[in-house]
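Asker: just the structure for this:
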Amino acid sequence: MSKLPEAIAVGRGDPIYMAHGYLTKVPIVAIMPFIEAFTEPNDVVLDVFAGSGMTGVAAAALGRRAVMVDISRLGQHIGLNYVNLVDSLAFLDAADAAVKRAQARMGDVYGVRCSHCQRTAQLAKTVQSVTVPCAGCGTTLVFYEVFKDAGWSKAKMRCACGSPVNLKTQRRNGEVAVLDYVDCPCTRTQIEQPHTEPTGKLDATGMVWPDVEIGADRQMYAASALGLNGLTSTAKFFSPRNLAVLAALKEQIDAEPDEAIRSKLMFTFTAILARASKRYQWSPQRPLNAANQTYYIAPVFYEWNVYDLFARKARAIVKSDNYLRELRRANQASEDINVRYEATSSHRLPLDDASIDYVFTDPPFGSNIFYSDMNLFHEAWLGRLTDHENEAVVDRSGSRDAQRYEQLITGALRECQRVLKEDGKLSLVFSNSSGKLWALVQRAVREAGFRIQDDGIHLLDKGQRSVKGLASGFENVVTMDLILTMTKCPDRDLPDLHDPSEAEVDAVVREALAGARAPSPTHVYLTLLREGLHSGWSLARLDYALVAQAVRREGYTVDGSTGRFVSDHEPRAEVLGGDPLPGL
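Answerer: Here you go, the predicted structure:
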């Protein structure tokens, strides 16, 4: 079996990762080394917090069998379709036919007059702006225009009457289109032109689309101020045109007679929903993509051509399928793909005792993300909703608190202990800035009958760089994960945990700072956690903020432009740049 490096850095640009979005996916190239190290061909791999099924895809790529378990209906849909390898030509033909039938049903709703040649061209995307009433004179203002007049500086935005414009205090009262981007045969480049009305009239008569309520019982209702902004159901996040076109396209997908291709077409459909909605942000410099962890509609956003999105995504999904086929050939995976996905609780695994060779799992990181709330956006179209009451998260309302979260994680790990073979191993991915949540996971591991291996703590860098985390250094944002690999320890013969002293913490921080040319807050924090896990510390006090105190005692401050530590005793030029992961 291959030896794992202490630090694993992976990108997020492979065809499989790019095929479909899901919150906090672990790229399969990060999972595959663990499966290779701890299993043999045809062994069975389990993931009890499967999400989008990346563990199952990684297992399939290596010729292993897999069982995925999660309560997420969207995750099940995505995970099964990643390994639903259909004939590429037949799939692309079916996607093209569905688009053409939907276009025939809806008419030329994306047809616009080209400003260059005056002929009818096709709209690629429209820039939409919210409108707000001026607090001074009551005039309705187009946010985009006021923003433009202010030189793209929100701080300088003013009405003609001199009153400042601030979305934090002025409620949105409408939306208007301000720019069109047009594809026309008269030029090879996309044309930017002032918005004009489409040449075809929108007629949504008879079209049916889902409109699922996002109620006050949802964490995102308060976190995204949905009630204040009138965004209390899923349909409100789409423009009338795109909502009708999506409904027409879904109708044609449902008419596809081949079950496997129909499922793959729906996979394509759900993959474009975020971009097809109002959640895709515009900026003066470049598109900013959708805010995937919140229900946020920017003051200026894009309305994309749904047919273009669907056709492009279908081609991307073919690349994903082909990439998985290539991986399987390279790894001599001779058997058919054997991955199943159970939409059930990880507390009641439908598996026999000692039937699993290896577990790789990535549980929700406490209160970081509320998956079922965000997945509702897609699941409304699937017609199958996740029961969010059973989600393993910690919310602000107190109804799903840390004690409940610990019980869910412990229960899941106990089930893993039951179904795992005696010599099997379990790898758990986790990241959080709270020492209390790390201590919770630490207790869950011990209570479930596992022991973390001495060489079983690995750093995972998925290339995710939080703007907040890098710009300010300490914003309770951890930009990398730890992977804890453990073995069964049913007798729970483990030494007691102890609280580290300030001197012990300072010694680890000092060593991390000295061993790295340009240490980052995450680098130092994860070094501290890893030492704590090795040394039998209770992690409860090891908050991210504790690192700030320790590094200041060592004479370091945070460079606001890079988010890295700078010694008060050295010139900045000597410590900036370099590998963010040395010493790990």
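Asker: switch to C-alpha atoms for all contacts and neighbour counts from now on
Answerer: Will do.
Asker: please identify the buried residues of the longest strand along the chain?
Answerer: If you go by DSSP state E, the chain has its longest strand at strand 120-133. Across strand 120-133, burial judged by 16 or more other CA atoms under 10 Å covers 120-133.
Asker: domains for this structure, by residue range?
Answerer: 91-256+273-316, 498-584 (automatic domain parsing).
Asker: how about the ones you listed, which one is nearest Ser355?
Answerer: domain 498-584 (28.8 Å; CA to CA).
Asker: how distant is the closest one from the center of its chain?
Answerer: 27 Å (CA atoms, centre = their mean, to the nearest Å).
Asker: name the residues that touch the longest strand of the chain?
Answerer: Outside strand 120-133, the residues that touch it by CA atoms under 8 Å, 6 or more residues apart in numbering are 110-114, 139-144, 167, 170-185, 195, 199, 282, 299-305, 308.
Asker: contacting residues for Ala66?
Answerer: So Ala66 contacts Val44, Val45, Leu46, Asp47, Thr55, Gly56, Ala59, Ala60, Asn338, Val339, Arg340 (CA under 8 Å, 6+ apart).
Asker: same thing but at 6 Å, please
Answerer: Counting by CA atoms under 6 Å, 6 or more residues apart in numbering, Ala66 makes contact with Val44, Val45, Leu46, Gly56, Val339.
Asker: do Tyr110 as well
Answerer: By CA under 6 Å, 6+ apart, the neighbours of Tyr110 are Gln122, Leu123.
Asker: for His534, see how far away it is.
Answerer: Distance, Tyr110 to His534, using CA to CA, to the nearest Å: 60 Å.
Asker: one more: Leu546?
Answerer: For Leu546 relative to His534 (CA to CA), the value is 19 Å.
Asker: and if you look at Ala235?
Answerer: 50 Å.
Asker: count of neighbours near Gly11?
Answerer: 13 (other CA atoms under 10 Å).
Asker: also the one 4 residues further on?
Answerer: The burial metric for Pro15, expressed as a neighbour count using other CA under 10 Å, is 17.
Asker: tell me the contacts of it?
Answerer: Contacts of Pro15 (CA under 6 Å, 6+ apart): Lys319, Ser320.
Asker: Ala512 too?
Answerer: Val524.
Asker: hang on, it in a helix?
Answerer: Yes. If the criterion is DSSP: H, G, I helix; E, B strand; the rest coil, then Ala512 is within a helix.
Asker: begin at 187 from here
Answerer: From this message on, residue numbering opens at 187, which makes the last subject Ala698.
Asker: do you know the pLDDT at it?
Answerer: On pLDDT, Ala698 comes in at 84.
Asker: now for the chain, the helix or strand with the poorest mean pLDDT.
Answerer: helix 653-658 (a mean of 35; mean pLDDT, DSSP states H and E).
Asker: now the element after that helix, going C-ward?
Answerer: strand 667-674 (DSSP states H and E).
Asker: just checking: what are the partner strands of that next one?
Answerer: strand 606-616 (antiparallel), strand 636-647 (antiparallel) (DSSP bridges).
Asker: contacts made by the last one with the rest, please.
Answerer: Outside of strand 636-647, the residues that reach it under the criterion CA under 6 Å, 6+ apart are 192-195, 666-675.
Asker: any weak-confidence spans in the stretch 487-636 of the chain?
Answerer: Along the stretch 487-636 of the chain, the parts satisfying pLDDT under 70 run over 551-558, 574-587.
Asker: please repeat the previous calculation with a cut-off of 90.
Answerer: For the stretch 487-636 of the chain, residues meeting the criterion pLDDT under 90 lie at 520-521, 531, 533-534, 549-563, 571-594, 617-623.
Asker: ranges for the strands of it?
Answerer: Secondary structure of the stretch 487-636 of the chain (DSSP state E, counting those that start in this stretch): strands at 525-528, 542-547, 606-616, 636-647.
Asker: what helices and strands are in contact with the shortest one?
Answerer: On a contact count with 3 or more CA pairs under 6 Å, 6 or more residues apart in numbering; DSSP states H and E, strand 525-528 meets strand 251-255.
Asker: now the element after the strand it packs on, going C-ward?
Answerer: Using DSSP H and E, the first helix or strand after strand 251-255 is helix 259-268.
Asker: that following helix vs strand 251-255, what angle?
Answerer: 160 degrees (axes from the mean of the first three to the mean of the last three CA atoms, to 10 degrees).
Asker: related to what we said a few turns ago, and the contacts of strand 636-647 as JSON lines, adding pLDDT, neighbour count and distance to Val398?
Answerer: Output for the contacts of strand 636-647, formatted as JSON lines (pLDDT from 0 to 100; neighbours: other CA atoms under 10 Å; distance: CA to CA, whole Å):
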{"residue": "Glu192", "pLDDT": "85", "neighbour count": "14", "distance to Val398": "45"}
{"residue": "Ala193", "pLDDT": "87", "neighbour count": "17", "distance to Val398": "43"}
{"residue": "Ile194", "pLDDT": "90", "neighbour count": "19", "distance to Val398": "40"}
{"residue": "Ala195", "pLDDT": "88", "neighbour count": "14", "distance to Val398": "39"}
{"residue": "Met666", "pLDDT": "83", "neighbour count": "19", "distance to Val398": "34"}
{"residue": "Asp667", "pLDDT": "89", "neighbour count": "17", "distance to Val398": "34"}
{"residue": "Leu668", "pLDDT": "92", "neighbour count": "23", "distance to Val398": "36"}
{"residue": "Ile669", "pLDDT": "95", "neighbour count": "23", "distance to Val398": "37"}
{"residue": "Leu670", "pLDDT": "96", "neighbour count": "23", "distance to Val398": "38"}
{"residue": "Thr671", "pLDDT": "97", "neighbour count": "22", "distance to Val398": "40"}
{"residue": "Met672", "pLDDT": "96", "neighbour count": "22", "distance to Val398": "42"}
{"residue": "Thr673", "pLDDT": "96", "neighbour count": "19", "distance to Val398": "44"}
{"residue": "Lys674", "pLDDT": "94", "neighbour count": "23", "distance to Val398": "44"}
{"residue": "Cys675", "pLDDT": "89", "neighbour count": "18", "distance to Val398": "46"}
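Asker: still on that earlier bit, any idea which of the domains of the chain gets closest to Thr225?
Answerer: domain 684-770 (24.7 Å).
Asker: by mean pLDDT, show me the worst of the domains of the chain.
Answerer: Among those, domain 684-770 scores lowest, with a mean of 74.
Asker: and stretch 307-321, how far out from the chain's middle?
Answerer: 27 Å.
Asker: for that stretch, output the C-alpha coordinates as CSV.
Answerer: Extracted C-alpha coordinates of stretch 307-321, given in CSV (Å, rounded to 0.1, in the frame of the first residue of the first chain):
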residue,chain,number,x,y,z
ALA,A,307,-29.4,37.9,-33.0
GLN,A,308,-29.4,35.8,-29.9
LEU,A,309,-29.1,37.1,-26.3
ALA,A,310,-26.2,35.5,-24.4
LYS,A,311,-27.0,37.3,-21.1
THR,A,312,-28.7,40.4,-19.8
VAL,A,313,-27.4,42.6,-17.0
GLN,A,314,-30.2,43.4,-14.5
SER,A,315,-30.1,46.1,-11.9
VAL,A,316,-32.2,46.6,-8.8
THR,A,317,-33.9,49.9,-8.3
VAL,A,318,-34.2,51.8,-5.0
PRO,A,319,-36.1,54.9,-3.8
CYS,A,320,-34.0,57.9,-3.0
ALA,A,321,-34.1,58.5,0.8
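Asker: so which residues of the stretch 387-536 of the chain form helices?
Answerer: 405-409, 412-415, 426-440, 445-462, 492-516 (DSSP state H, counting those that start in this stretch).
Asker: reformat the ones you listed as a markdown table; add mean neighbour count and distance to Ala566.
Answerer: Formatted as a markdown table, the helices of the stretch 387-536 of the chain follow (neighbours: other CA atoms under 10 Å; distance: least, CA to CA, whole Å):
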| stretch | mean neighbour count | distance to Ala566 |
| --- | --- | --- |
| helix 405-409 | 17 | 16 |
| helix 412-415 | 14 | 17 |
| helix 426-440 | 21 | 12 |
| helix 445-462 | 22 | 10 |
| helix 492-516 | 19 | 18 |
